[in-house]
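S.K.: kindly return the folded structure for what I paste below:
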Amino acid sequence: MKRIFAFVFAVLMIVSLFAVSAFCAEVDLASTSQNEKQFVVDEAGLLTNEQIAQLNKKCKEVGAKYGIDVVICTQPSLNGNTVDVASADFYNGAGYSDNGVQIFVASEDRKIDVFAKGTADKRLAVHLDTLRETATDFLSNGKDDYFSAFSAFVNKVDELFPPHVALYWIPLSLILGFLIALIPMMIAKKKLKTVDMQSGAADYVKAGSMNVTQSNDIFLYRHVDRKAKPKNDSSHSSYGGGSHSSGSY
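M.R.: Numbers count the residues shown, from 1 in each chain. Predicted coordinates:
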């Protein structure tokens, strides 16, 4: 038994080292490619230079962590476009990665869009509304705290992005899980050798205690609450090779 435990532990350690090495290599490569990029483009002039520097640093850190581009863009006007079109056109035209997430604000039109593409789209698609609403909380009702809104957005991306898992780790995890589960099962099986299978439950019922003379079901009442679904101007769309969550603030 000790040999089995030692073997399972050794295999687990070896596989873990390979998975960590592969992940670190991906992160280092992503960090190198991102060092030359600017991830905060404030064309509407909503941020100070110090705020832009802080946000740009945070975008680089989170993007390098997950191998994506995290982008913040502000423009004064949509110039007749819809916010999702303007957002995707900027992201794709600026030369960012095919794997990224962006928050886009048109300050004069008071429109906001969260755009996710590639890996970010696959892993954050169900969270796009949450990302947009996280930022909108700092902008609605005249607050217009853009620095806090963008900071909260980047932090939320870091919080919601699923952890990286190397593909080869999945089957190995299943095998290891099976081996680890097999050991206590075998031990438990040996302890149950004195137990015999029973075809019924008669041996567990006291004689004369089960005497059912009548049974029936009675429906008492039903109560249903109906509430109107709240309305908002948020929308979902697919344009520019990714997914959008758009709205006003």
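S.K.: next helix or strand past the helix or strand of the chain with the lowest mean pLDDT?
M.R.: Ranked by mean pLDDT, DSSP states H and E, the weakest helix or strand in the chain is helix 2-34, scoring a mean of 45. Sequence-wise, the next helix or strand downstream of helix 2-34 (DSSP states H and E) is strand 40-42.
S.K.: list the buried ones in that next one?
M.R.: Buried residues in strand 40-42, counted by 16 or more other CB atoms under 10 Å: V40, V41, D42. From N, CA and C alone the C-beta is placed, and that goes for glycine too.
S.K.: can you list contacts of it?
M.R.: Identification of contacts with strand 40-42 by CB atoms under 8 Å, 6 or more residues apart in numbering yields L47, I52, L55, N56, C59, V71, I72, C73, T74, F90, A94, F150.
S.K.: help me confirm that the third one comes into contact with L47.
M.R.: Spelled out, that is L55. Yes - contact criterion CB atoms under 8 Å: L55 and L47 qualify, at 7.3 Å.
S.K.: residue contacts, A88?
M.R.: The neighbourhood of A88, defined by CB under 8 Å, 6+ apart, consists of F115, Y239, G240, G241, G242, H244.
S.K.: at 10 Å instead, please
M.R.: 81-82, 102, 104, 113, 115, 117, 237-244 (CB atoms under 10 Å, 6 or more residues apart in numbering).
S.K.: please report phi then psi for the residue lying closest to it once chain neighbours are set aside.
M.R.: Once flanking residues are discounted, A88 sits nearest to G240: 2.5 Å by CB to CB, 6 or more residues apart in numbering. Dihedral pair for G240: phi 80, psi 20, per degrees, to the nearest 10.
S.K.: okay, now G240: neighbour count?
M.R.: By other CB atoms under 10 Å, 18 other residues sit near G240.
S.K.: so V70: helix, strand or coil?
M.R.: Following DSSP: H, G, I helix; E, B strand; the rest coil, V70 is assigned to strand.
S.K.: hmm, I typed the wrong one, I wanted I218.
M.R.: Taken by three-state DSSP, the conformation at I218 corresponds to coil.
S.K.: likewise for H236?
M.R.: Following three-state DSSP, we place H236 in the strand state.
S.K.: residues contacting it?
M.R.: Contacts for H236 (CB under 10 Å, 6+ apart) come out as D84, A125, L128, D129, S243, H244, S245, S246.
S.K.: compare those and tell me which is most surrounded.
M.R.: Of all these, the highest neighbour tally under other CB under 10 Å goes to H244, namely 26 neighbours.
S.K.: quick one on the thing from earlier: so which of L55 and L47 has more stuff around it?
M.R.: L55 (22 against 18).
S.K.: residue ranges with poor pLDDT in this protein?
M.R.: Scanning the chain for pLDDT under 70 picks out 1-35, 164-170, 172-173, 178, 189, 191-204, 208, 210, 212, 227-232.
S.K.: what about 50?
M.R.: Along the chain, the parts satisfying pLDDT under 50 run over 1-2, 4-12, 14-33, 166, 229-230.
S.K.: can you pull out the helices in this protein?
M.R.: In the chain, the helices defined using DSSP state H lie at 2-34, 49-66, 83-93, 119-124, 128-136, 146-160, 169-191.
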